[in-house]
Every structure is written in structure tokens, then in C-alpha cells.
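Okay, predicted coordinates and the sequence, questions at the end:
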Amino acid sequence: MANGTYNAEDIKILEGLDAVRMRPGMYIGTTSVKGLHHILWEIVDNAIDEAANGFADRIEVKLYKDGSASVEDNGRGIPTDIHPKSGVSGVEVVFTQLHAGGKFNTGNYNYSGGLHGVGASVTNALSEWLKVEVYRGTVFKMEFHSFLDKETGKIKSGVPVAPLLNTKEKTKKHGTFVRFMPDARVFETTEFSVESILKRLEELAFLNKGLTIDFYDEKDDFHRVYNYEGGITDFVKSLNKGSALYPEPIYGKGEKDGIIVEFAIQHTPSYVDRVFSYVNNIPTGEGGMHETGFRSGLTRCLNDFARERNILKDKDDNFTGDDFKEGLSAVISVKMHNVQFEGQTKTKLGNPEARPAVEYVTVNELSEQFKNKKLAKTFEIIIAKAAEAAKARLAAQRAKQSARQLKSLENANLVGKLASCSGRKPELNELFIVEGDSAGGSAKQARARQTQAILPLRGKPLNVEKKKLEQILKNEEIGTIIAALGTGIGSEFDLSGLKFHKVIILSDADVDGSHIRILLLTFFFRYMRELINEGHVYIGMPPLYKVYKGNKEEYAYDDKELAEKIEKVGKGYQIQRYKGLGEMDPAQLWETTMCPERRNLMQVTIEDAAEADRLITVLMGDEVAERKKYIFEHADFDRVDKFAKIKR
Ligand code: TSJ
């Protein structure tokens, strides 16, 4: 037997590796490609630790044609002397004892553990073979193999072929080289994913400022080097690359209660926040205590700065954390002992002590950076952006509040110019949204009070072309519509609260009227789509003509109908052409447009609304020529003949 020099003690040690072999999932989670990578990261992590402690600045990762992988660093080299307790070399301990990594904790061997903390012996246990070379003046070598134990019929793995050998061959190099062959009897696949290895190696290069990580894939002769002198500052820049101009990132680093904290912040013109956090180089996708501490520190500081700069006045409330979140890109990296992971995917930092430590360092560092003249612009931009976010937040709050006040129809009269109806059955109730105060006035006089509510829209309230949709939606009338309907908007939309089962838009047959229709449909399309889908939205159709003689009166809704009505009234007829709703008196408006027995209503389909939404993009976009063309072509938008479905 190859390991004939080994005694009972040693066999006991090797039993640890047998346990790994029997239940790999217990140690590396899975035997899928993820598990395969896991045993590579165990090795890489050891090299990273050496670099993080300041003893190495270069790591090489290599994939070979035979399917094996190697990692080399230029550190001190794994200790080669005999480990007093076990009587074997340090190298042997590292590869044959579970959790061997911690055995060498000398005070400067920091922060190892966590996700990959099971140690290099697990990689050895799950490999067909593993070779190590240590460069410490001379070259040291050792090999481990798996073999079939003929007595038990079981595979023994990670067995030393011989004790650590000092080849006596002189070398100027220093460091550790480890090459291993993942065991195909263990893993579902032994094919490494170069893409995911590169992603993690780059991340490690970002997180370890100045470290050079060299990757080589022998199969494709593919080579890649990562080195970031800016560390996580470069990381945050790379998150934002390819976009417009950003202010300079803010970087801070400090220590509190033995916890090392590093962060980099860069605000972007967008509205999304991208915060990446790490503990001991391990990503914490679910956040946790360090993120919480960072966010509260950031919010506290930036509020102080905003007051100092008089952007927030004494009477103003503080900005909220969310106000500063818009457009925030940040990387937070924390190094600490005894890490506890929580959460669904165990990627949330649970240690409560991390929170005050990170908050302390964040506040301290930001206050320092705030004095830096070079960053004045950066802080200015961040605070201005928060101010904008706060404004939007307050507007939304007000809209919500007025919506709440209007929850009951009794209160509906209190806000805006809504004339509500007295009936309590939503399925019978109708809301008329009427263009213009004068038509609105007529409608209020003419309506059936029990079932018809009227909301006048001011003469020309909405300059659709020049304003951004968001601004238009802040419009008072839109707020009143939201409040009156009782459904809420967007993700909070709830059809069961609907107070009017018919929502009827009444606007003139001209460009302004067309704009109002388009705008309202776009609003419904984007924020209350179900309202349209469920068939609650209508367009009222006032007549275009009145044909009359003596006390004979006939209304025509299009040119074809006009011819018919002329025939009906007979010789001596007169024609009145209606240019707008305002030209009709209350009785006429009732008779032609509001009276359920006689009026024409068009039920709006989702396609109509989608078309409106598309048009508004043209109307509000930057393409002046497109816009003019549209207005010209659609000056007579949506007359009766355009609509297929006409409902009474
Ligand atoms: F563990 C391992 F085999 F996976 C591995 C370890 C793999 C690789 C590629 C590198 C390493 C490694 C270990 N690089 N550097 C070290 N350093 C030590 O183990 C070491 C050296 C000196 C001292 C000391 O106190 O003098 C302590 C330690 C832990």
C-alpha cells in the first residue's frame, strides 16, 4: 500500500475525508456544476486570504485539457514544518483534516470561513488526485490519490501517496501551487463553466484592490487578467458603465470593533438602485445588517449635508432612505469574524454587531469626504436627486390622501369640482368627465342626479405636447378622477372599489378635445388597465348637426346621418353645426348626449387605449416633425365613423 508508513492515528484522520466522500452534499451543498465550482473556490479562497493578509499580490487560475484545475499564489507558502499536535507537515494537515484552515489562525490569518469555509481538504476528498507544490527557498511536493479499498470495496480518497517531500531543488519563487482532478464519480459534470469562473474572479479582483488574478484556459488557449487599482471604486464604476455622465464615486474605508468596512457610492441619472454587498468577499444578495447600517448612515449624513447647504430648510422634513435610493449604485464590503448567514438563500448577514459598525464608519467617512472640494459636485447631485425624489413622493402621498378622503361618495363633493350623484349602486352610476367649464355647467344642470356624476375638466387644462406625462398626471383633475373612481391606481388598483360602472369621456370634436381623450385613455391604459378591459370606459358622442324646422328637431351624429335627417325634416329645414359641447344648452346636451335612451356611447377597447398610448408618445416625444404631422392628419380625430362599436 502506498501509504504504508501511516499509523492508526492517520487512518482516523482520513476517516474525515471518507465522510465527505460519502455525503458530498453535506459539505458542498450539491454535486451539480455548482458543487464542482465550490471545490475550486475552496482553493482560490485560501490564496485570496494570503493576498488579503498582504503576503501575496498575484493569483493564477488554470484549467487544463485533462479536466483538472490549478491555483497558484505568490504568498508565503503553506507551512512545511511538522505540525506539533499531529506530527505531520502543515501541508498534510491542510489537505487531510476537515476545517484545517482555522488551525493556522495566528491572528493575522483573518476572516476565512463562511460560504466556502469547509477547507481545502474537502477539495482533496472529492478529487481523483491532488498535487501541491510549495515554494519556500526550495520546492516542496506532495500528492494525494483516491483508490479502491479491496477489503471494503469502497473508494478511499485524499490519501497521501507519501509524506511532504523537500526536493531540495532551489527556487526564487515563493508561494503555493495546487492542482486537482475533480472526481467524475462524485460530480454530475466535471466541466467547469468558464463564464461563471470569470465572473467570480473579476468580482474578487474588484474586492481585493491591487490583486492581479490571471486566468488561463488551456482548452481554448484563452487568457484573461483582472487587476483593479481602484478596487470597489472601479467596481461601482463598472456597474454604471456605458451610460451618461456620472459624478465621481465616493469611497470610504474604516474599522470599528474589529469590523473592517469599505464602501463606494456612485449616483446615476436613473431611478433604480443597485447595491451589492459582501461579507468576507462573499456576496450577500439578501442584504442584512451591514446594508441596513450603511443605508441609515448614508441617509443620516446626506440629510445633515442638505441642511448644512440649506437645501433642506428648518421647516422641511428629512429626506427618506428611499429618496436617496433612486439612482444609487453602491458596493459595500465588510470583513469580520464569526459570520452568521440567514434568509431564504442564506445570503443575508445576520450579525447584529455589523449594523452599528457599518453605520459608524459610513457616517465618519462621508463626513470626511464631504469636506473634500473635489466631491462637492457629487454631493450636490446626490442631494438634488433626493430632493426631486422627495417631491415626487410627497405628490404621490397627497394624491393618495385625497383619494382616501374621497373613499366615500359623501365626501366626493368636498374635493375638486366633482358633482357626485346620490345613488348608491355603482353598477347604475355614471361618471361624466366633461371638457370645459361651460359644458360642465350645462351637464350638471341637465344630469339625472341620482345616477350621473359630473367632473368638468378646465377649458384647456392639459398641454399634452409640452409636458411630461408625470407632470400631467399630477394635474388636479387627474387626482380627482383617481379619487372619485375609488379603485386606486397601478399595482394598488382594485376594481371592487369602483364607484361608477360607466366612465364617460365627453370632449369636443377638435384637436384639443382629441388631446384630452388621448390623454385620459393613456392614463387609464397605464394606470387602470382593468377598467378598460372590463368595459367601463366610454366616449360620449355629441351630435355634429341639428336639423330643424318649426318645432321639428333632429340630430345627426355624422354626415351620412345628416342626409337622412334632412330628408326626414323636409323642405325649409335649417342646419346648426355644433362645434363644441359648450354650444348646447342643458336640455340639448341631455337629449343628445347624456340621456341613456337616446345618446351614442362608444365603448373603449384596449386596442383604442393602446393606440392612444402610442400616440401620446409621439405627441410628447422630441420628434417635432412627427408631432406636427400627427396633429395635421388627426385634426379630425375619432369622429363617429371611426368607431365600430356604438352602444346606447
Ligand atoms: F489550502 C490550499 F491548499 F487550498 C491553498 C493554500 C491553496 C493555495 C493556492 C494557496 C494556499 C495558501 C496558504 N497560500 N498561502 C498560504 N499561507 C499559509 O498557509 C500560511 C503561511 C504562513 C503562515 C505563517 O504563520 O507563517 C501561516 C499560514 C496560514
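Yep, that arrived.

Going by C-alpha atoms from here, please, whenever you check contacts or count neighbours.
Fine.

Quick check: which ranges of this protein have low pLDDT?
Scanning the chain for pLDDT under 70 picks out the ranges 1-15, 99-118, 242-245, 395-416, 459-476, 491, 617-648.

State which strand of it is the longest.
Taking DSSP state E as the criterion, the chain has its longest strand at strand 127-149.

Do any residues in that strand lie close to the ligand?
No. Judged by C-alpha under 6 Å from any ligand atom, strand 127-149 makes no contact with the ligand; its nearest approach is 7.2 Å.

can you list the residues of the protein near the ligand?
Counting by C-alpha under 6 Å from any ligand atom, the positions of the chain adjacent to the ligand are 43-44, 46-47, 50, 71-73, 75-79, 94, 104, 120, 176-178.

now the helices: where do they sit in the stretch 451-600 of the chain?
469-473, 476-485, 511-527, 529-533, 559-569, 586-589 (DSSP state H, counting those that start in this stretch).

Can I get these in TSV including mean neighbour count?
Formatted as TSV, these follow (neighbours: other C-alpha atoms under 10 Å):
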stretch	mean neighbour count
helix 469-473	14
helix 476-485	21
helix 511-527	21
helix 529-533	19
helix 559-569	15
helix 586-589	20
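
just checking, what packs against the longest strand of the chain?
Counting contacts by 3 or more C-alpha pairs under 8 Å, 6 or more residues apart in numbering; DSSP states H and E, strand 127-149 packs against strand 154-160, strand 165-182.

ok, the last one: who's next to it in the sheet?
In this case it means strand 165-182. Each strand that pairs with strand 165-182, with its direction, by DSSP bridges: strand 69-73 (antiparallel), strand 127-149 (antiparallel).

swap in the shortest one?
With DSSP bridges as the test, strand 154-160 is paired with strand 127-149 (antiparallel).

Give me the contact list for the partner strand.
Outside strand 127-149, the residues that touch it by C-alpha atoms under 8 Å, 6 or more residues apart in numbering are 76-78, 80, 124, 154-184.

picking up where we left off before, can you put the helices of the stretch 451-600 of the chain in JSON lines and add distance to residue 279?
JSON lines is the format used below for the helices of the stretch 451-600 of the chain (distance: least, C-alpha to C-alpha, whole Å):
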{"stretch": "helix 469-473", "distance to residue 279": "40"}
{"stretch": "helix 476-485", "distance to residue 279": "46"}
{"stretch": "helix 511-527", "distance to residue 279": "41"}
{"stretch": "helix 529-533", "distance to residue 279": "44"}
{"stretch": "helix 559-569", "distance to residue 279": "74"}
{"stretch": "helix 586-589", "distance to residue 279": "70"}
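
Determine the three-state secondary structure at residue 302.
Using DSSP: H, G, I helix; E, B strand; the rest coil, the structure places residue 302 in helix.

Which residues are in contact with the residue lying closest to it once chain neighbours are set aside?
Nearest residue to residue 302, sequence neighbours excluded (C-alpha to C-alpha, 6 or more residues apart in numbering): residue 383, at 7.0 Å. Contacts for residue 383 were tallied using C-alpha under 8 Å, 6+ apart; they are 302, 306, 324.

Could you report the neighbour count for residue 79?
Residue 79 has 17 neighbouring residues, counting by other C-alpha atoms under 10 Å.

Doesn't it belong to a strand?
No. Applying three-state DSSP, one finds residue 79 to be coil, outside a strand.

how close does it sit to residue 123?
Using C-alpha to C-alpha, to the nearest Å, we find residue 79 at a distance of 19 Å from residue 123.

Quick one: buried ones out of the contacts of strand 127-149?
Buried subset of the contacts of strand 127-149 (neighbour count, 16 or more other C-alpha atoms under 10 Å): 76-78, 80, 124, 156-164, 166, 173-183.

and the residue of the stretch 501-648 of the chain found nearest the ligand, what does it touch?
Closest residue of the stretch 501-648 of the chain to the ligand, C-alpha to the nearest ligand atom: residue 526 (55.6 Å). Taking C-alpha under 8 Å, 6+ apart, we find residue 526 in contact with residue 490.

one more time with 10 Å, if that's ok
For residue 526, the contacting residues are 489-490, 520, 609-610, 613, by C-alpha atoms under 10 Å, 6 or more residues apart in numbering.

Quick one, which of those residues are buried?
Judged by 16+ other C-alpha under 10 Å, buried ones among the contacts of residue 526: 489, 520, 609-610, 613.

and which of these is nearest residue 585?
Looking at the buried ones among the contacts of residue 526 and their distance to residue 585, the nearest is residue 520, at 25.2 Å (C-alpha to C-alpha).

Can you tell me how far residue 252 is from the ligand?
Look at residue 252 and the ligand: by C-alpha to the nearest ligand atom, to the nearest Å, they are 28 Å apart.

Kindly state the beta-bridge partners for that residue.
Taking DSSP bridges as the rule, residue 252 bridges to residue 263.

wait, doesn't it sit right on residue 294?
No. The criterion here is C-alpha atoms under 10 Å, and residue 252 misses it with residue 294 at 11.4 Å.

The two: who's more crowded?
Using other C-alpha under 10 Å as the criterion, residue 252 and residue 294 rank with residue 294 on top: 26 against 19.

isn't that one right next to residue 332, touching?
Yes. Shown here, residue 294 and residue 332 form a contact pair, counting by C-alpha under 10 Å, at 7.9 Å.

what is in contact with these two at once?
261, 263, 277, 358.

could those residues be laid out in a markdown table, adding distance to residue 39?
Shown next, in a markdown table, are those (distance: C-alpha to C-alpha, whole Å):
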| residue | distance to residue 39 |
| --- | --- |
| 261 | 28 |
| 263 | 29 |
| 277 | 23 |
| 358 | 31 |
